[in-house]
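1. compute the structure for the input listed below.
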Amino acid sequence: MPMMAVAFPILPGKTDEWRAWMNEVNGSRRAEFVASRSGAGVRERTFLQSTPMGDMVIVTLEGDDPGGAFGQMTGATDAFATWFLANAQAVHGIDLSVPMPGGPPSHLVVDSGAA
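-> Numbers count the residues shown, from 1 in each chain. Below you'll find the predicted structure:
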């Protein structure tokens, strides 16, 4: 099944805010999160990665069209999407509602399972 991954830096001093946001995603807003991703046709997995340059988030989307799903989710205007995108901008400093310059947000380089 197709997959894509995107890395987002967490702004300095915002990791605790990111954790609180993820607690809401995994808690009180879990049903909305699952419905959003299911509606876009993807499974999302999010990882926190600490690096010498600061904390980063690695997001994977797996589904029939993860790139299209990414565009659908970042272009959505429902209450959950608006809340989610506002938190993303506050924590990552990136306005995901604006298309990313340079095409798709990631490009697969190595796949140990590919022929």
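2. from here on, contacts and neighbour counts on C-alpha atoms
-> OK.
3. just give the nearest non-adjacent residue to the spatially most central residue of the chain, would you?
-> Taking CA atoms, centre = their mean, the centroid of the chain lies closest to Val59, which sits 4.8 Å from it. Computed as CA to CA, 6 or more residues apart in numbering, the closest residue to Val59 that is not its neighbour in sequence is Thr46, at 4.5 Å.
4. quick one: average pLDDT of the longest helix along the chain?
-> The longest helix of the chain (DSSP state H) is helix 79-92. Here helix 79-92 scores 97 as its mean pLDDT.
5. can you tell me the SS state at Ser28?
-> Using DSSP: H, G, I helix; E, B strand; the rest coil, the structure places Ser28 in coil.
6. just use 7 as the starting number from now, easier for me
-> Yep, numbering from 7; the last one is Ser34 now.
7. per-residue pLDDT, it?
-> With respect to pLDDT, Ser34 has a value of 98.
8. got the buried residues for the strand or helix carrying Trp27?
-> Using DSSP states H and E, Trp27 sits within helix 21-32. Going by neighbour count (16 or more other CA atoms under 10 Å), the buried part of helix 21-32 is 21, 24, 27, 31.
9. is it correct that the residue nearest to Val65 falls within a strand?
-> Yes: secondary structure assignment places Thr52 in a strand (three-state DSSP).
10. circling back to that earlier point, I figured the residue nearest to the centre of the chain was touching Arg49, is that so?
-> No: using CA atoms under 8 Å, Val65 is not in contact with Arg49; the gap is 10.3 Å.
11. just give the nearest non-adjacent residue to Met62, would you?
-> Using CA to CA, 6+ apart and skipping residues adjacent in sequence, the residue nearest Met62 is Pro15, 4.3 Å away.
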